[in-house]
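Novice: please find the sequence and the predicted model below.
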Amino acid sequence: KAGVTQTPRYLIKTRGQQVTLSCSPISGHRSVSWYQQTPGQGLQFLFEYFSETQRNKGNFPGRFSGRQFSNSRSEMNVSTLELGDSALYLCASSLATSEKLFFGSGTQLSVL
Amino acid sequence: GIQVEQSPPDLILQEGANSTLRCNFSDSVNNLQWFHQNPWGQLINLFYIPSGTKQNGRLSATTVATERYSLLYISSSQTTDSGVYFCAVGIKAAGNKLTFGGGTRVLVKP
């Protein structure tokens, strides 16, 4: 069974641009969550989608958004990029909500 | 929100040694998971253990939910055990919104 797949692996953007990250969960998993990892703040929860609905949201500005498609694949979007958005963005999937989480390899975003 | 503290922050081990990592949390939880982040950044789920004891090869974990702590044991450590170990906690009502500890950075020397 394939694991959680995130694309792209690396991204370089400039301030003010927007970016879209993609995540394909493990087959059969219906919950997809996104986390941000930075050296200063550690791992922080962004949001969770289950059956195409946002189920939970972390404490991030509205520039961070996401969605989930009917095949459980998910995308997250960050608009008007700031330098502080430079981070490793990790996607995780689980069979249902509040169950064992499986993470992808992440997308390393650098904002210049 | 829930506070999660992990200790020690850093650990250097000789190959073959045993070690214990600790995770303390500030409130009642019913979702607790341990992860290993390898040097390439990949987070691997080691245990889903809101209570009780589990074992997986050389690793085992114990969560005492009533006393708000969890322990991860590494026995006969190998160089491939190097990396950062994270504890993450949450409550079922919050789904997959987990609060992560700061991690324990482990280096196993040959």
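Specialist: Cool, got the structure.
Novice: list the contacts of residue 38.
Specialist: No chain in the question, so chain A it is. A:44, A:86, A:87, A:88 (Cβ atoms under 8 Å, 6 or more residues apart in numbering or on different chains). The C-beta positions use only the backbone N, C-alpha and C, and glycine is treated the same way.
Novice: not what I meant, chain B
Specialist: Contacts of residue B:38 (Cβ under 8 Å, 6+ apart): B:44, B:82, B:83.
Novice: for the residues you listed, pick the one with the most neighbours.
Specialist: The most crowded member of those is residue B:83, carrying 22 neighbours; neighbours defined as other Cβ atoms under 10 Å in any protein chain shown.
Novice: not counting sequence-adjacent ones, nearest residue to that residue?
Specialist: Computed as Cβ to Cβ, 6 or more residues apart in numbering or on different chains, the closest residue to residue B:83 that is not its neighbour in sequence is residue B:38, at 4.7 Å.
Novice: sorry, back to before: ok, which pair from the contacts of residue A:38 is furthest apart?
Specialist: Pairwise distances among the contacts of residue A:38 were taken by Cβ to Cβ; the largest, 13.9 Å, belongs to A:44 and A:86.
Novice: pretty sure residue A:14 is touching residue A:83, no?
Specialist: No. Here residue A:14 does not reach residue A:83: they are 9.9 Å apart, not a contact under Cβ atoms under 8 Å.
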